[in-house]
Every structure is written in C-alpha cells, then in structure tokens.
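Student: let's see this in three dimensions:
(chains A, B and C)
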Amino acid sequence: MELKLSDISVKIGAALEGPDLIVSGLSTLEDAKPGTLAYVASKKYRKHIPDCKASALIVPPGIKSSSHSLLVKEDPYLGFALAMRLFYPAHHRPRPGIEESAHIDKAAKLGKDIYIGHNAVIKADAKIGDGCVIHSGVYIGEGTVLGKDCIIYPNAVIMHSVSLGDRVVIYASAVIGSDGFGYARDGAKFVKIPQAGTVVIEDDVEIGAGTTIDRATMGETRIGMGAIIDNLVQIAHNCKIGAGSILCAQVGLAGTSIIGKNVTLAGQVGVGGHLTIGDGCVVEAQSGVPNDVPPGSVIFGYPARESIHAHKVDAIIDRLPDYIQRLRDIEKKLSS
Amino acid sequence: MELKLSDISVKIGAALEGPDLIVSGLSTLEDAKPGTLAYVASKKYRKHIPDCKASALIVPPGIKSSSHSLLVKEDPYLGFALAMRLFYPAHHRPRPGIEESAHIDKAAKLGKDIYIGHNAVIKADAKIGDGCVIHSGVYIGEGTVLGKDCIIYPNAVIMHSVSLGDRVVIYASAVIGSDGFGYARDGAKFVKIPQAGTVVIEDDVEIGAGTTIDRATMGETRIGMGAIIDNLVQIAHNCKIGAGSILCAQVGLAGTSIIGKNVTLAGQVGVGGHLTIGDGCVVEAQSGVPNDVPPGSVIFGYPARESIHAHKVDAIIDRLPDYIQRLRDIEKKLSS
Amino acid sequence: MELKLSDISVKIGAALEGPDLIVSGLSTLEDAKPGTLAYVASKKYRKHIPDCKASALIVPPGIKSSSHSLLVKEDPYLGFALAMRLFYPAHHRPRPGIEESAHIDKAAKLGKDIYIGHNAVIKADAKIGDGCVIHSGVYIGEGTVLGKDCIIYPNAVIMHSVSLGDRVVIYASAVIGSDGFGYARDGAKFVKIPQAGTVVIEDDVEIGAGTTIDRATMGETRIGMGAIIDNLVQIAHNCKIGAGSILCAQVGLAGTSIIGKNVTLAGQVGVGGHLTIGDGCVVEAQSGVPNDVPPGSVIFGYPARESIHAHKVDAIIDRLPDYIQRLRDIEKKLSS
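Tutor: Numbers count the residues shown, from 1 in each chain, chains lettered A, B, ... in the order given. You can find the predicted model right below:
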C-alpha cells in the first residue's frame, strides 16, 4: 500500500513539514528503509535522526530534519499507532463462512457475516453477534452471548453463561468463565463451592493469550469497557476491572479485588483479595498490593508503598552495609 | 429450586432460629433479594445485617436479627458452601454419550456413563473410568488412566502414561504430564534429558485453568489427595504436593520440591528446587522460598522469613529514611 | 532395553571401573533397583552410595565403591543425560501419517515423513518441513514455516507468518505469534497498534507448555539457537533471546527486552522493557530487572542488584530490628 504524507497527516492529525512524498509503510527509527515512515517517540531519540534512512518521520514539536519530511504531532506514539492502522489491519479477518467441521448446536443463534473456524464448538443457547470471528478450536459454552464484531482466537475457551460486549478480542488459549477458586474446609476435606455466577466483559476489551478470568461465585466478574489485559493474567472470581485500565502480563488478582478506572498494573503485579485500587492508580512492576489504595496513587514494592518513598527506601537499602558500619563505628567510639 | 430453612438446617448442620421460611437461592450480604438466604462470614460484618434484604441469614453464634430467620453455624463459610451445594450443582454434567467427532483409539477402554465431547482425542491404552466427563477438544495421551467421575474441561491436555484418581477435576487448557525442564550442558549445547517418569494425581484433586504440571524425569510427580490448585500454577518435574494442600494462582515450584500436607501457598509464591516445606505451613503471597521450611511455619517475604519477624522488619524498612537521618544526627553530634 | 556398561561408557565418554555388568535402565540414587544405573551428582551425595541398590553408578572422579561398578565422568549430570538418551527416546514420535480429521489447506506445503494429528489445522501457505510431528488440535497459521523435525504438542497455537528453524519443540498449549500488547492512548480510549511483525525461532529451541511469545509490532521477536524456555513464560513483542539462554518457568519479559547469549533467567524473574541483559548473566529467582545489566553479571533481588551485595544486604535486613534497637540505645546514651 502507498499513501501520500498529506493524506496521512489529515488522518492522524499531524502537521506536514517538507515535501509531500509517497510512503509504502512504517518502520522503526533504527531499521528504517527509504520510502517508509518512521517515528521518533520523544526528543531523547533525536540523535538517531540524521542516520535514519526513512523518507519521513512522525515527530514531536520542536524537531527539525533537513533529510526527512516531517509529520509533527504532540503525541508521536499516538500518531504512529494511527498511521499503523492506515497501513495494516488491526486483525486479519477471514472471509465470513462456517467451516464444515464446526459443531454448532441447533439451539445456538448466529448473527450475520460471521466466520466460524474448524472444530469450533458452539453450545446450546449461545448467541454470536453479527460480524464475529470465531477461530479454530474455540469453545463457546451454553448460553454464552457475544456482541458484534468480536474476535476469538484459536483454542480459546469461553465457558457457559458468559457475556461479551461488542468488539471484544480474546487471544489464543485464554480461558474465560472457568470456576472461581472457592472451597470451604470441612475438617480434613474441602467442600467445593459451586460457582453460580458469571463473567461480563464490556465493549472493546482485549484479553491476552493464556489469560484466565474466573466466573463469580454469585453475581459477576466484570471487565470494564475498553480495558486491555495482556497474556497470562489471572483474574479471580468476583473481581471488577474499571474501564480503560491496563493489566500487563502475568498480573494476578485474588478474589473480589476491585480495580478502578484507568488503572495501570504493570507486569507480574499481585493484588490481594477483597480490596480496592482507586481510579487512575499506577502499580509498578512486580509490586504486591495488600491493602486498599487511594485514587491517583503511584505505588511500588513488596508490599507496595507510595512510589517516591519506596524508591527512596530502596536507595537506602542498597547502602545498608555502609550505614551499619557507621553504626558500629559509633558504638566503638562510645564504648572506648 | 425452593427449600425450607428447616431442611437446609439439617443438611448443613446449623440451628434454625426464627420462622421456617422457604428460600429460592443464595445471595451476597450486600446484593441480597427477598426470598433468598445470605451469609455473614463473621461478626465484623454484622453492621450490614439491618440493611440486608435476604429473608434468612447463615450466621456465626452470637448474632441476632429481628428481620431475618437465622441458620446458626460455628463456621458460617462452610455453612454457605454446603448450602450452595443444595441449590447449585458443583459441576454441570452433560448427559452421558460420545460425540461423533471424538477420536477414540480402538485400544482405549471406556467405562460406563461417560461423556466425551466434540473433537476430544483419546489415545491407545488410555482408560476412562465410569462417570467421567471429557469435554470438547481435550487430549488424553497413550496409556493415561482416569479413575471414576473425573471431569476434564475443554482443551485441557493430559499427556501419556499419566494416572488420575477418582473425582479429579481439571479445568480448561491445563496441561498435565508435559516434559520436565531437564537439560544438561554439553559445551555450548544442551542435551535434553528424556523425561521417562510420569504424573500421579490422587483422588479429589482439582487443577485450575492453564496450570501446567510436568512429568518426572524418573519416577513421578505426585499431587496428593484432595489438594486444590488454582489457575496458571507451574509444578515442575518430580514435585510432591501433600494431601489437602492449597496452591493459589500463579504459584511456581522448581523441580523436586516437596510440599507437605495441608500447606497453603498463596498467590504468586515461588519455591526453589530440591527443598521441603513441612506440613501445615502457610507461605504468604508473592513470597520466595529458597530453603527448607519446618512444619507449621508461617512465612513471608523475598526471601521468605518467619512471618511475624518479616512484617516487623518490613515496618522498619518503611521508616528507614527516618532512622538513617537519626544515624546522621548522632554522627554530627559526636563529631562536633 | 539392556546395555553393557562398557558400551555405555564409550557412548557417554566415561571411564568404567569394576565389572562390565548389564543394566536395564536408569534410576535415582534413593530409589534405585538392582540391575539399574544410578548417578551421583556430586561428592556431597557420596554418603548415600553404600545404601544404593543400583548395580552401577555414574560418579565424578574421586569416588570409590566396593559394591558398585562405576562410570567415572567429570560432569556426572551430563553423563546421566547422555545415558538417559541411550535408554529412552527424547520424544515419542508417532508413525508418519496424516489423520483424516486434520484440516490442511490446499495451499499448504507438507514435507516428507510427517505426522499430523486429529483436528490439527494448517492454513494456507504454511510449510511443514520433513519429519515434523504436529499433534492433535494444533493450529498453524497462514504462511507459517516449520523447518525439519519440529515437534508441536497438542493444542499449541502458532499464528500466521511465524518462522521456526529445525528441531524446534513446542509443548502443549503454548501460543507463538499472538499480537504484541501495543496500544496508544487517544484521550479516554486505546488505539490498538497493528502488530505487523513476526516471530522467528531458531534451530533447536524448546518452548514450554502454556508459554506465550508475542509477534513484533514491526520486525521480529527472535529466540536464538538452542535457547530453552520453560512453562508459562511470557515474551513480549520485539524481544530478542540470545543463543543458549535458559528462561525458567513464569519468567516475564516486557517489550523490546534484549537477552544476551547463555543467560540464565531463573523462575518468576521479570525483565523491564527496552533494556539489555548481557551475555552470560545469571538472574536469580523472582528478581526484577529494571535496568541494563553488563555481561557476566550475577544479580538478585527486587530490584535486582549484584548478587553478593544483594545477599549481604539481605542478611542485614534480617537483623534490622537488632540494629534499630542499637541505634535507640545510642540515642538514649547520648541524651542522658
């Protein structure tokens, strides 16, 4: 595909500076080829510009180059994302149709223009909205409802009575609606608590490969609108994830955790059960959250503390051998 | 379904106080509807009782309510679990039968009253006990044996020569009996060590979605009777998990770890290889265990320490900036 | 199978001491049976030798036994690995053939002597090299290329346009080439960045069950020759793993991490994005790596520090209550 910079500039909301060239794709700053459009994430990468072989660059304001046309945008990363969408599809969609080997219960309801892949299983009373793509080997349980234009990648499993909004994307081998981990002790044995609730996933949510989201014991586990969840994340029964939140890979939430809107949980973060993380919080990578966190907090550590304090503490920890020596020196001085 | 409180009280071992009403299901304390039975986990939630719209409550001894019938039980959570079992099935069991698209080797042996779902694969010399449910897309390897009434959820994989007891439940996309991670260095290359052992899973074990349990190099990896294992847990070759132990989500065990009976490993705990955690230990969330742990220990941290000490240390760490300032003040005083 | 010790000694490069017996398999030092060959990993296990019922032992130099024939090798673990290869296959390979229920696109190219299992899906323009084994339920996306003698275990998913070298092994339910976790914020919403790159896996790589390796945004995610990756590992878009590196279970790498050659990342390690870990580094279990690490480093902790320092610091942390008491004692002394 070839596009004129002037057309790109309109579509991504950037100002064109320099000749209106034709470009054939995007590239990284380091590996760019002539005829492509690269992007400069921030001014700190400006030193790489003279050597960049791309014909044009998406840049933040304040950058000049004599050898490139420029598309100037306040948020060059957003500009890059929007430009990528012009050149490449967000998802490869097979042509609508139903493969012969798919097993679709007679009591399932299928919308228009859907694709169902090889060996996919759609159980009774499931509803698949218009434009959905169900890839090979996917399992959709009894009574589960998908909105419009959802994409379910190969071998993902969505158990019974789960509800998905529109444009939800579930990547390969994710498991939605498996039983919550609920057991009561009865002497030496466990009594499994039936997991009678469900999972509700709102519009525009994306759920990564291998991620597991358990159904509620009663009521629902809910993933809010537009939340994005990476690979191998564990979300236990009855959790609520607010709209627009980001859960990076290998995050784990214990049961009945409430995550606010626009929260970021970085990679491998663990969140205890029955607690609330307020809107807009950022929890840095590998942190463990044992208590409620007020809105807007930035926290770090195990257990997680306010981030600036945690990093200050951490710098002290690194110098503890010196401090302890100084303590000993004082003791020696005082005892002599 | 509707049940009389007097019948429920007998079946869950609770004392009925107040009118013998009919209830139609369970609900949470906060979201309860009239005509349902809610439960009060402990006295600290008693403040929510006056506003609770449920008709009846499962409560610990010592709680009164003028607006609810009460089912009084020492362990209300167990009462709740048992009551849930009266209203809801622990697992949805399809009617026995074998879907046409299942691939069952002629040399496999199938018990009575089993269900085998679409595209399930059962290899030669596998034995499936009476009453088992094998859902769609499940793979059962050569020579693998399942006891009675096991349930294997969609797309789970059980490799060859694995042995499952009775009433074992394996949730979606779990992998049992994959090769252990055993390699020896031979100069610049690795020599893969054949994983000639197996996995033995005893009666009444439940294994969560996406969890991986590797086969032994020689001998067996063993999961003891009634152990419950959550989602995305990794159990390496030759580990032994004692009866009645709990492994929460994303726990990871290195090779040849021995976990005693009735041990609790909370979420994201990591356990080193070739070590023993004694019976009845509790390892708190995200802890890392590098050494043997004596029976009955409660430990926390990275690396894990005795919990009370670890939390005391942690409180000091939080105040380190202050302590270091006090150290500096002393130095200034002494040098002046 | 039965083998003479003299034959084994030649094949594993060990010196035979004692009678040239016939052995029928390997066993562990503790559970050995007569007629088998056990191994002694190092001199610290020599105390178990007198009680060991094996007929022969693989031992490091300097060990004697009056009751066993000995195979003496500098690296007994390598000797054990090589001996295991004589008795057991590294992988069970089904007889070549294509199961009827496999779905192979007309535009896919299949090599010689391959096995394709039940319900496997091979999409258009995929190429499967000679001698490959594709187990049941595997998905191979459009244009994906496998070299020779690869083994793909049940229900694994390899998305489109991925490239595998020769002798690559992918265990059950792993997902290769799912979309990278790339989104830009556009006000309250996320814009998904099309993941237009791919994954390249070089020769002799092994990838564990449930592991997820994301495709690159542009360019490639690359796993270097002979790297071994355990279960439930997350490798984000655009990461590079050097040849001969080891990633233990539940390791997580954020986007564009560069891991050098012969690096060891122990279990549950997390590595931040856009950073480089030099050749030969060892990162101890559960560590978090926030910065570049020079070649040859051994690091530990959260955040990771040079290991000897980190363990020294850790020993101090353990004694902090005592040190703080001593600080208070000094303050009291000075104020009195």
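Student: got the domain ranges for chain A?
Tutor: Taking automatic domain parsing as the reference, chain A has its domains at A:3-87, A:97-307.
Student: model confidence over the first one, on average?
Tutor: Spelled out, that is domain A:3-87. For domain A:3-87, the mean pLDDT works out to 95.
Student: where's it relative to the chain centroid, distance-wise?
Tutor: 26 Å (C-alpha atoms, centre = their mean, to the nearest Å).
Student: re earlier: so which of the domains of chain A gets nearest C:Y323?
Tutor: Shortest distance between C:Y323 and the domains of chain A, using C-beta to C-beta, is found for domain A:97-307: 20.4 Å. The C-beta positions use only the backbone N, C-alpha and C, and glycine is treated the same way.
Student: could you tell me the end-to-end distance of that closest one?
Tutor: With C-alpha to C-alpha, to the nearest Å as the measure, domain A:97-307 spans 51 Å from end to end.
Student: hey, which of the domains of chain A is tucked in deepest?
Tutor: domain A:97-307 (a mean of 23; mean count of other C-beta atoms under 10 Å in any protein chain shown).
Student: check whether that domain contacts chain C.
Tutor: Yes. Using C-beta under 8 Å from any C-beta of the partner chain, domain A:97-307 reaches chain C at A:99, A:101, A:117-119, A:135-137, A:153-155, A:171-173, A:204, A:206, A:208-210, A:226, A:228, A:230-232, A:244, A:246, A:248-250, A:262, A:267-268, A:285-286, A:302.
Student: tell me the average confidence for that domain?
Tutor: Looking at domain A:97-307 alone, the average pLDDT works out to 98.
Student: same deal with stretch A:317-328?
Tutor: Taken as a whole, stretch A:317-328 has an average pLDDT of 96.
Student: and the stretch 1-150 of chain A, which residues reach chain B?
Tutor: Counting by C-beta under 8 Å from any C-beta, the residues of the stretch 1-150 of chain A that sit close to chain B are A:101, A:103, A:119, A:121, A:137, A:139, A:142.
Student: which residue sits closest to A:S69, ignoring its sequence neighbours?
Tutor: Nearest residue to A:S69, sequence neighbours excluded (C-beta to C-beta, 6 or more residues apart in numbering or on different chains): A:G18, at 3.6 Å.
Student: thought the one you found was touching A:V72?
Tutor: No. In this structure, A:G18 sits apart from A:V72 without contact. The criterion is C-beta atoms under 8 Å, and the distance is 10.1 Å.
Student: what about A:K189, distance to B:A81?
Tutor: Distance, A:K189 to B:A81, by C-beta to C-beta, to the nearest Å: 11 Å.
Student: A:G280 touches A:P295, doesn't it?
Tutor: Yes. Between A:G280 and A:P295 a contact is recorded at 5.6 Å, counting by C-beta under 8 Å.
Student: who touches both of these two?
Tutor: With contacts defined as C-beta atoms under 8 Å, 6 or more residues apart in numbering or on different chains, the residues shared by A:G280 and A:P295 are A:G260.
Student: may I have the phi/psi pair for A:M159?
Tutor: Taking degrees, to the nearest 10, you get phi -70, psi -170 for the backbone angles of A:M159.
Student: contacting residues around it?
Tutor: Contacts of A:M159 were listed using C-beta under 8 Å, 6+ apart, and they are A:139, A:141, A:144, A:175-178, A:215, B:153-154, B:172.
Student: please redo it, this time with the cut-off set to 10 Å
Tutor: Shown in contact with A:M159 (C-beta atoms under 10 Å, 6 or more residues apart in numbering or on different chains): A:123, A:139-144, A:175-179, A:195, A:198-199, A:213-215, B:92, B:135, B:153-154, B:171-172, B:209.
Student: just checking, what packs against the longest helix that chain A contains?
Tutor: Looking only at chain A and at elements set by DSSP state H, the helix with the highest residue count is helix A:320-335. Taking 3 or more C-beta pairs under 10 Å, 6 or more residues apart in numbering or on different chains; DSSP states H and E as contact, the helices and strands that helix A:320-335 lies on are helix B:320-335, helix C:307-318, helix C:320-335.
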